[in-house]
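> take a look and give me a structure for this.
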Amino acid sequence: MGLEEDFFMADADDEKTVEFIKNYLPQELKEKFVDDELYYFIDLIDEYYAESGVLDSNPDADGYVVIDLEAIVDYIVKEAKSDGQGEYDPEEILFVVQGEMEYGNSLGQVD
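Residues are numbered from 1 along each chain as shown. Predicted coordinates for the structure are as follows:
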């Protein structure tokens, strides 16, 4: 598979992830975040996974890798502020992170 095809598939997956998250969010948050913000949050989640070492973690006895959602939320809030994207409520961002995690679970990925 070529590099261009890889980017196309990643973009298509991000679109599905954004749609899933929008459906996952509580009603009062559904209109709060625009798609571009959700794409930005997904990028930060991926960045957190890559930089935190969680992808290199060994699974526990049940085959699961423990992922600290609060740490991801803190990372997003901190990075968004330092990137000049604005200040976000950690409780609201937690729903986005949970939605992304649930999307992965729906595809058979394990959290």
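> roughly how far apart are residue 76 and residue 64?
22 Å (Cβ to Cβ, to the nearest Å). C-beta: built from backbone N, CA, C; applies to glycine.
> looking at those two, which is more packed in?
Of the pair residue 76 and residue 64, residue 76 is the one with more neighbours under other Cβ atoms under 10 Å, namely 24 against 11.
> list the contacts for that one?
41, 44, 45, 48, 88, 93, 96, 97 (Cβ atoms under 8 Å, 6 or more residues apart in numbering).
> for the spatially closest residue to it that is not a sequence neighbour, give its distance to residue 107.
Distances taken as Cβ to Cβ, 6 or more residues apart in numbering put residue 44 closest to residue 76, at 4.8 Å, once the chain neighbours are dropped. Counting by Cβ to Cβ, the gap between residue 44 and residue 107 amounts to 20 Å.
> who has more neighbours, these two?
Neighbour count, other Cβ under 10 Å: between residue 44 and residue 107, residue 44 has more, with 22 against 11.
> just checking, that one touches residue 75?
Yes - counting by Cβ atoms under 8 Å, residue 44 does reach residue 75; the two are 6.6 Å apart.
> turn the contacts of residue 76 into JSON lines, including distance to residue 27.
Compiled in JSON lines, the contacts of residue 76 are given as follows (distance: Cβ to Cβ, whole Å):
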{"residue": "41", "distance to residue 27": "19"}
{"residue": "44", "distance to residue 27": "24"}
{"residue": "45", "distance to residue 27": "23"}
{"residue": "48", "distance to residue 27": "27"}
{"residue": "88", "distance to residue 27": "19"}
{"residue": "93", "distance to residue 27": "17"}
{"residue": "96", "distance to residue 27": "15"}
{"residue": "97", "distance to residue 27": "18"}
